[in-house]
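Peer 1: show me the folded form of this:
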Amino acid sequence: MTTGYPTQPYQVPVKRYCRTMDLKPDDALIREYIHRHSQGQVWAEILEGIRSVGILEMEIYLLGNRLFMIVETPLDFEWDSAMERLSTLPRQQEWEDFMSIFQQCSEGDKATDKWQMMDRIFRLY
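Peer 2: The predicted model follows:
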C-alpha cells in the first residue's frame, strides 16, 4: 500500500515494540494464515486477552513469509510480565498451537518463543 496506514491517536504517551517471525515458505499456508487473521476470524478470547494485558494497538505486516508486528502500549507497560499473564489466559495456548502449523516454530511454543524482538537502529522525529 503506497498511501500508508492511519495510526491511532492516544490520550496518553505510548511506547512501541517491534517483533518479527517467519512463516513456513508455502503460499497456501501463508494465504490461510492471512485468512485466519482477517476480521471476524481471530477468536474473541484472543482479542480480549491482548487488550486485558494492556496492549493498546497491535498490527502485523507481511513481506514474503516474514511477519513484522508492531505493538503499542502505555509507557508503564512491562513486556515480560504482560506476556506471562497473556500466556495463562483462556484459549491463548490453544491459539498459539492453532497458528503453529504456519509458523517456523514448534507446537507448544508461547508467543514470546515465536516472536523475536527487533532492535531499532534508526529514528527520525
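Peer 1: now do the strands in the chain.
Peer 2: For the chain, applying DSSP state E gives strands covering 14-22, 57-63, 66-74, 116-117.
Peer 1: in this protein, which residue is closest to the centre?
Peer 2: For the chain, the residue sitting closest to the mean C-alpha position, by CA atoms, centre = their mean, is Met69 at 5.0 Å.
Peer 1: how many residues are close by Arg66?
Peer 2: Residues lying near Arg66 (other CB atoms under 10 Å) number 12. From N, CA and C alone the C-beta is placed, and that goes for glycine too.
Peer 1: a markdown table for the strands of the chain, including mean pLDDT and distance to Met99?
Peer 2: Shown next, in a markdown table, are these (pLDDT from 0 to 100; distance: least, CB to CB, whole Å):
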| stretch | mean pLDDT | distance to Met99 |
| --- | --- | --- |
| strand 14-22 | 96 | 10 |
| strand 57-63 | 97 | 11 |
| strand 66-74 | 97 | 11 |
| strand 116-117 | 94 | 16 |
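Peer 1: just say which of those strands is most tucked in.
Peer 2: Relative to the other members of the strands of the chain, strand 66-74 carries the highest mean neighbour count by mean count of other CB atoms under 10 Å, namely a mean of 17.
Peer 1: by contact count, what packs against the least confident helix or strand in the chain by mean pLDDT?
Peer 2: When the helices and strands of the chain are scored by mean pLDDT, DSSP states H and E, helix 111-114 comes last with a mean of 86. Counting contacts by 3 or more CB pairs under 8 Å, 6 or more residues apart in numbering; DSSP states H and E, the secondary-structure elements packed against helix 111-114 are helix 79-87, helix 92-100.
Peer 1: contacts made by the first one with the rest, please.
Peer 2: Meaning helix 79-87. Applying CB atoms under 8 Å, 6 or more residues apart in numbering, the contact partners of helix 79-87 are Tyr17, Gly49, Ile50, Val53, Gly54, Ile55, Thr73, Gln92, Gln93, Lys110, Ala111, Thr112.
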